[in-house]
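Participant: Fold the following.
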Amino acid sequence: MSNQVVKKDTATALVAGALLGAGIVLLFTPQSGRQTRRKIRRFAEFAGDQAQAARRELQRSLEHIIEDTEDKLQAGLTSGMEWTESKLGALRKALETAGKSIGEQIAKIQSS
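Facilitator: Take a look at the predicted model:
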């Protein structure tokens, strides 16, 4: 999943660079002040829209990463609990067997 985030970050950086370059071209293109201001305003609106779209995409990516991480943590926790329960059962059986064996040995010693 982190590979996807890197790719999206790279794409976002490329879009941001392209937008910045387009803005610089607007500033150095010979035209009237009114036309330049209108183009800058449109460019700013477009850049704002692109920034919002990139923010939403990043937010969705982060939400997916969080969901995947929560799922993996829950699965790991469940697996760990199941493993612990199985080992506790085996330990109980071993302790019961050891207790019986010790009891038998004590009985033998007392009867001797």
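Participant: can you tell me which residues contact Ser101?
Facilitator: Contact analysis of Ser101 by C-beta atoms under 8 Å, 6 or more residues apart in numbering lists nothing. The way it works is simple: take the backbone N, C-alpha and C, and place the C-beta from them, glycine included.
Participant: Where does it fall, secondary structure wise?
Facilitator: helix 33-111 (DSSP states H and E).
Participant: Please work out the average pLDDT along that helix.
Facilitator: Mean pLDDT, computed over helix 33-111, is 89.
Participant: Could you export stretch 14-33 as CSV, CA atoms only?
Facilitator: Backbone C-alpha positions of stretch 14-33 (Å, rounded to 0.1, in the frame of the first residue of the first chain) are rendered in CSV as follows:
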residue,chain,number,x,y,z
LEU,A,14,4.1,16.6,-10.9
VAL,A,15,0.7,18.2,-11.1
ALA,A,16,1.7,20.9,-8.6
GLY,A,17,4.9,21.6,-10.6
ALA,A,18,2.9,21.8,-13.9
LEU,A,19,0.4,24.2,-12.3
LEU,A,20,3.3,26.4,-10.9
GLY,A,21,4.9,26.4,-14.4
ALA,A,22,1.6,27.4,-16.0
GLY,A,23,1.2,30.2,-13.5
ILE,A,24,4.7,31.5,-14.2
VAL,A,25,4.0,31.4,-18.0
LEU,A,26,0.8,33.5,-17.4
LEU,A,27,2.8,36.1,-15.6
PHE,A,28,5.4,36.5,-18.4
THR,A,29,3.0,36.4,-21.4
PRO,A,30,2.5,39.8,-23.0
GLN,A,31,-1.2,40.9,-22.6
SER,A,32,-3.3,43.5,-21.1
GLY,A,33,-3.6,43.9,-17.3
